[in-house]
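sequence first, then the predicted structure:
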Amino acid sequence: MTLTRSMACVSTGLAGALLLSFSFSAQARELSVSTVLPDAFPWGQAAEKWAELVEERSDGELTMRVYPNSQLVSGDQTREFSAMRSGLIDAAVGSTINWSPQVPELNLFSLPFFIPDEAAVDAVTGGEAGDMVFEAIESRGVIPLAWGENGFRQVSNSQGPISEPEDLEGLKIRVVGSPLFQDTFSALNADPTQMSWADAKPALTTGAVDGQENPLSVFDVARIDQVGQEHLTLWNYMNDPLIFAVNQQVWQSLSEEHRTLLRDTAVEAGEWEIAMTREEESDRLAAIRERGVTVTELTDAQYQAFVDATHAVYDEWAPRIGEDLVEAAQTAIDAR
């Protein structure tokens, strides 16, 4: 009788251990999430919000660890998409700019002066053109889930106000690693200098470059004005959407329940971040002005001069992006 009871206890103990092991393995699924900027910026906050919602809604069965500053790709933000596609990164909240070398369709958002305002952004991302962009991403081994927003990019420099194309002539402007950016600033007779975000601020500090272009949130939080960037021009020359995405193999390995959860929380985090970014824009601009930065706002005629000066770039890049996609986006913009 004692032996039977002893064996029963052993059996019960083994069953409990196996159950505990299974429970632990089910709860131990952690996904790596790459971002370029940390949570001091809306971009980083979007990733943290996603991770927070996933853990909360899955009761800890699925968690996400955010790796900011492009640390999973040694600071080279243009390698993020390739790393996610190959499985080195499980997921990312990434910029259309940084992923455009691998997904040419993403250059749609970088066409100079093509998307004029927030209503146009929403019309493009929320319509047929947005669906076409997501299809292009998925065809390259990454599953896009939702949109976020880094904002419209403005240009700053240390030399003087920029209110017409001639003011950019000869200025060394730091740009991201996208040929479209090189072509745009070359068309304006500037001297575009490609470098990662990690290298940008030191280059501005030493004067190796004269200027840079980024959304107001980046200019404000990173205190770009402290490295000689005393002149800022609001020209909205392109928008910089963010995309929440997951590696295809990771996606396929998840249960249907966890896939739905990942997508729903990405959409929620994206909507939260977009609203926050837009609501904070006016306060950020006021803070920048208060710090002594000269802010130039273009008249319609001045704006049109920049459009005209870069029109050849549009003509050259539209076929590379895809005429059907560009047309779908233009239709959405016109109908907004």
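Arrived safely, thanks for sending.

what about this protein, any weak spots by pLDDT?
1-28 (pLDDT under 70).

for it, what spans make up the helices?
Assigned helices in the chain, in chain order: 2-27, 42-57, 80-86, 96-99, 118-125, 128-138, 179-187, 197-206, 216-221, 248-253, 256-290, 300-309, 311-321, 323-334 (criterion: DSSP state H).

deepest-packed of those helices, please.
helix 96-99 (a mean of 26; mean count of other Cβ atoms under 10 Å). (Glycine included, C-beta is placed from N, CA and C.)

dump the residue contacts of the nearest residue to residue 198 once chain neighbours are set aside.
Excluding its sequence neighbours, the residue lying closest to residue 198 (Cβ to Cβ, 6 or more residues apart in numbering) is residue 75, at 4.4 Å. Contacts for residue 75 (Cβ atoms under 8 Å, 6 or more residues apart in numbering) come out as 69, 196, 198.

any chance of these in CSV, with distance to residue 277 too?
Putting the contacts of residue 75 into CSV (distance: Cβ to Cβ, whole Å) gives the following:
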residue, distance to residue 277
69, 19
196, 22
198, 22
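
and of those, the nearest to residue 314?
The closest of those to residue 314 turns out to be residue 196 (Cβ to Cβ; 26.5 Å).

I'd say that closest one and residue 76 touch.
Yes - in this structure residue 196 lies within contact range of residue 76 using Cβ atoms under 8 Å: 6.0 Å.

need the overlap of contacts for those two.
Contact criterion Cβ under 8 Å, 6+ apart; residues shared by residue 196 and residue 76: residue 70.

re earlier: looking at the helices of the chain, which is nearest to residue 158?
The nearest among those, by Cβ to Cβ, is helix 197-206 at 7.6 Å.

so how far is that closest one from its chain's centroid?
Centre-to-centre, helix 197-206 and its host chain are 20 Å apart (Cα atoms, centre = their mean, to the nearest Å).

who are the packing partners of that helix?
Judged by 3 or more Cβ pairs under 8 Å, 6 or more residues apart in numbering; DSSP states H and E, helix 197-206 is in contact with strand 172-175, strand 211-215.

could I get those as TSV with mean neighbour count and distance to residue 185?
Below are those laid out as TSV (neighbours: other Cβ atoms under 10 Å; distance: least, Cβ to Cβ, whole Å):
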stretch	mean neighbour count	distance to residue 185
strand 172-175	21	5
strand 211-215	25	8
